[in-house]
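S.K.: Build the 3D model from these lines:
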Amino acid sequence: MYYAGIDPEGHQIPVARTDAERRRQHDLLVGAKPGSGAGRRGRKR
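M.R.: So this is what the prediction gives:
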């Protein structure tokens, strides 16, 4: 269902496809820690 982006009845459902969309979705569901850069991942430069 999530891979195809449609439910069993044939209606489209929103699916996070890119890394940026998945990161935003994760931060919304889990919550970003204060001062963590809210969505910035990886090495600090």
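S.K.: how many other residues sit next to residue 9?
M.R.: In terms of burial, residue 9 registers 5 neighbours under the definition other C-beta atoms under 10 Å. For glycine as for every other residue, the C-beta is placed from the backbone atoms N, C-alpha and C.
S.K.: can you tell me how far it sits from residue 15?
M.R.: From residue 9 over to residue 15 the distance is 16 Å, taken as C-beta to C-beta, to the nearest Å.
S.K.: Quick one: low-confidence residue ranges for the protein.
M.R.: In the predicted model, the chain carries pLDDT under 70 at residues 34-45.
S.K.: Tell me which stretches of the chain form helices.
M.R.: If you assign secondary structure with DSSP state H, the helices in the chain sit at 19-30.
S.K.: Hmm, residue 16 and residue 25 touching each other?
M.R.: Yes: Residue 25 sits in contact with residue 16 when judged by C-beta atoms under 8 Å, with a separation of 4.7 Å.
S.K.: Run a quick neighbour tally on residue 32.
M.R.: When neighbours are counted by other C-beta under 10 Å, residue 32 registers 15.
S.K.: Quickly note the distance from residue 33 to residue 2.
M.R.: When C-beta to C-beta is the yardstick, residue 33 and residue 2 sit 27 Å from each other.
S.K.: and what of residue 8?
M.R.: Looking at residue 8 against residue 2, where the rule is C-beta to C-beta, the gap reads 12 Å.
S.K.: try residue 10
M.R.: Counting by C-beta to C-beta, the gap from residue 10 to residue 2 is 15 Å.
S.K.: The two: which has the busier surroundings?
M.R.: Counted by other C-beta under 10 Å, residue 10 and residue 2 do not tie: residue 2 has more neighbours, with 10 against 6.
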